[in-house]
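# how would this look folded up:
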Amino acid sequence: MTRVLLVDDHALFREGLARLLSAESGIEVAGQCATVEEALVHVQTTGLDLILLDYELGDRRGNEVMHYLRSHQIDIKVLIVTVGLTRAELRQMLNQGVAGVFLKNNPPELLLEAMRAVLAGETWVDPKYAEAPIEKTPGEIFRRVRFTERDRHVLRGVFEGLANKEIAERLHVSESAIKASLQQLFSKTGVRTRGQLVRIALEQFRRELL
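Next up is the predicted model:
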């Protein structure tokens, strides 16, 4: 059972998220809170596996929670769930050890995928940031990628020449979820087009993916 803490100062969003997660098997919402102070109390007293943390909490910031976790060497994965970050804020949060950044305007099923990814030890960066400059070549990045089950299904569909709508029908998800998954794959691998994605995936992981 994955124990999750929700930290968001918007009660309506928090309650909706709690209902979404409570309907999923294997997930327990261990607590909800709206402030940094409340979050730190839960961190100290509640056994947690994952924190879904809003970046802006009134006049405070989610990085205060990250600072506490790091300074006390507390091993809880943190996924930032926010309306948006600047690239400087994104770099800061990643440097502080967050497992990922997810934007609230994405579909709910993509949040569940992001949670599974970070719990598996991956770093999830929202597709919005896929255009950030990369320092390594796509091939170098690809060799370090860990693919989720959704990643593999989407890649197989791309390899077969299926359109996004056809992949969505095969996986029983929305077409927007497939578009978001593709952008996430672009972000993970450092490529910008479907053609580059297919070429490098075939070069690096043909046996694993096909």
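
# quick one, strands of the protein?
Here the chain has its strands, by DSSP state E, at 2-7, 27-33, 50-53, 56-57, 60-61, 77-82, 100-103, 124-125.

# Flag the shaky bits of the chain, pLDDT-wise.
Applying pLDDT under 70 to the chain flags the ranges 130-146, 189-190, 192, 200-210.

# looking at the strands of the chain, which is closest to residue 154?
strand 124-125 (14.9 Å; C-beta to C-beta). (Each C-beta comes from the backbone N, C-alpha and C, glycine too.)

# can you redo the strands of the chain as JSON lines with distance to residue 41?
As requested, the strands of the chain are arranged in JSON lines below (distance: least, C-beta to C-beta, whole Å):
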{"stretch": "strand 2-7", "distance to residue 41": "10"}
{"stretch": "strand 27-33", "distance to residue 41": "8"}
{"stretch": "strand 50-53", "distance to residue 41": "13"}
{"stretch": "strand 56-57", "distance to residue 41": "14"}
{"stretch": "strand 60-61", "distance to residue 41": "14"}
{"stretch": "strand 77-82", "distance to residue 41": "16"}
{"stretch": "strand 100-103", "distance to residue 41": "24"}
{"stretch": "strand 124-125", "distance to residue 41": "26"}
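
# Pipe those into a markdown table and attach mean neighbour count per row.
Compiled in a markdown table, the strands of the chain are given as follows (neighbours: other C-beta atoms under 10 Å):
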| stretch | mean neighbour count |
| --- | --- |
| strand 2-7 | 22 |
| strand 27-33 | 18 |
| strand 50-53 | 24 |
| strand 56-57 | 19 |
| strand 60-61 | 16 |
| strand 77-82 | 23 |
| strand 100-103 | 22 |
| strand 124-125 | 22 |
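
# Report the residue ranges of every domain in the protein.
2-126, 138-209 (automatic domain parsing).

# Tell me which of the strands of the chain approaches residue 185 most closely.
strand 124-125 (11.4 Å).

# Could you list the paired strands of that closest one along with their orientation?
Strand pairing for strand 124-125, using DSSP bridges, gives strand 100-103 (parallel).

# Can you give the contact residues for the partner strand?
79-85, 90, 93-94, 110-111, 114, 117-118, 122-126, 128-129 (C-beta atoms under 8 Å, 6 or more residues apart in numbering).

# rerun that using 6 Å as the cut-off
With contact meaning C-beta atoms under 6 Å, 6 or more residues apart in numbering, strand 100-103 is reached by 79-81, 111, 114, 118, 123-126, 128.
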